[in-house]
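# sequence first, then the predicted structure, then my questions.
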Amino acid sequence: MRIFSGIDDFARYVGEEIGVTEWRTITQGDINAFAKVTNDHQWIHVDTERAASGPFGTTLVHGYMTLSLVSGFMFDTYRIDGLSMGVNYGSNKVRYPAPVLVGSRVRGRIKLVSLDREDTWAQSTVQVTVEQELNGEAKKPGCVAEVVSRLYEAPTA
């Protein structure tokens with residue numbers, strides 16, 4: 001966990017990698033829970049028997065589930081002190097270079113792409129690459145996303 005003392009401190013790292021999270025294993029239970037919440041019960045995700053004879057030989061993680069891990073990876077990697085709040089402003093780019101299969105281990109690699117400063121706030125763009133490995137073998141990233149956030153400084157007394 002990297003701790004920045006404010007927006008100006010964070011801004012000094014534009015263009016640099018901020019950090020890498022710990023690995024997390026994706027289980028069928030995780031996939032099923034995501035399917036329930038989103039009402040996306042496509043067989044390739046939740047039907048283990050049918051998926052075993054499908055194109056991947058097993059179930060795969062929903063692309064949006066992989067994307068949903070991004071914010072947690074950011075929280076696990078860094079904190080900016082002196083903020084009243086940070087809000088999700090959207091994404092510039094989201095790509096899924098490779099499917100993430102059940103049982104894969106994933107982690108986030110975080111890079112600060114840009115930071116545009118205003119008087120009491122800033123807009124940051126952070127690239128999160130969801131790296132993956134299966135059975136100890138590195139695979140292509142499961143997701144690469146540029147996340148845009150608005151960072152608001154806490155009022156000073």
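That came in fine, so what should we check first? In this text the structure is predicted, and so the values were computed from the model without any measurement.
# and Thr129, how close does it get to Tyr13?
Distance, Thr129 to Tyr13, by C-beta to C-beta, to the nearest Å: 16 Å. Bear in mind the C-beta positions are built from the backbone N, C-alpha and C, glycine included.
# typo on my end, it should be Asn92
With C-beta to C-beta as the criterion, Asn92 and Tyr13 are 19 Å apart.
# mind listing what the residue nearest the centre of the chain touches?
Against the mean C-alpha coordinate of the chain, by C-alpha atoms, centre = their mean, the closest residue is Val70 at 1.4 Å. Contact analysis of Val70 by C-beta atoms under 8 Å, 6 or more residues apart in numbering lists Gly108, Val128, Val130, Cys143, Ala145, Val147.
# so after the host helix or strand of it, what's the next helix or strand?
Assigned by DSSP states H and E, Val70 falls within helix 63-77. As assigned by DSSP H and E, the chain's next helix or strand after helix 63-77 is strand 78-80.
# neighbouring strands of that next one in the sheet, and parallel or not?
Strand pairing for strand 78-80, using DSSP bridges, gives strand 2-4 (parallel).
# buried ones in the partner strand?
Neighbour-count burial for strand 2-4, counted by 16 or more other C-beta atoms under 10 Å, picks out Phe4.
# what about stretch 60-77, distance to the chain center?
Distance of stretch 60-77 from its chain centroid, counting by C-alpha atoms, centre = their mean, to the nearest Å, is 4 Å.
# so where does Val147 fall, helix or strand?
If you go by DSSP H and E, Val147 is part of strand 137-153.
# which residue is the nearest non-sequential neighbour of Glu17?
Nearest residue to Glu17 in three dimensions, chain neighbours excluded: Lys111, at 4.9 Å (C-beta to C-beta, 6 or more residues apart in numbering).
# pretty sure the one you found sits against Gly19.
No: look at Lys111 against Gly19 with C-beta atoms under 8 Å: they stay out of range, at 9.3 Å.
# just the helices in the protein please.
Secondary structure of the chain by DSSP state H: the helices cover 7-11, 28-38, 43-46, 48-52, 63-77.
# which helices and strands does the third one pack with?
So that's helix 43-46. On a contact count with 3 or more C-beta pairs under 8 Å, 6 or more residues apart in numbering; DSSP states H and E, helix 43-46 meets helix 28-38, helix 48-52.
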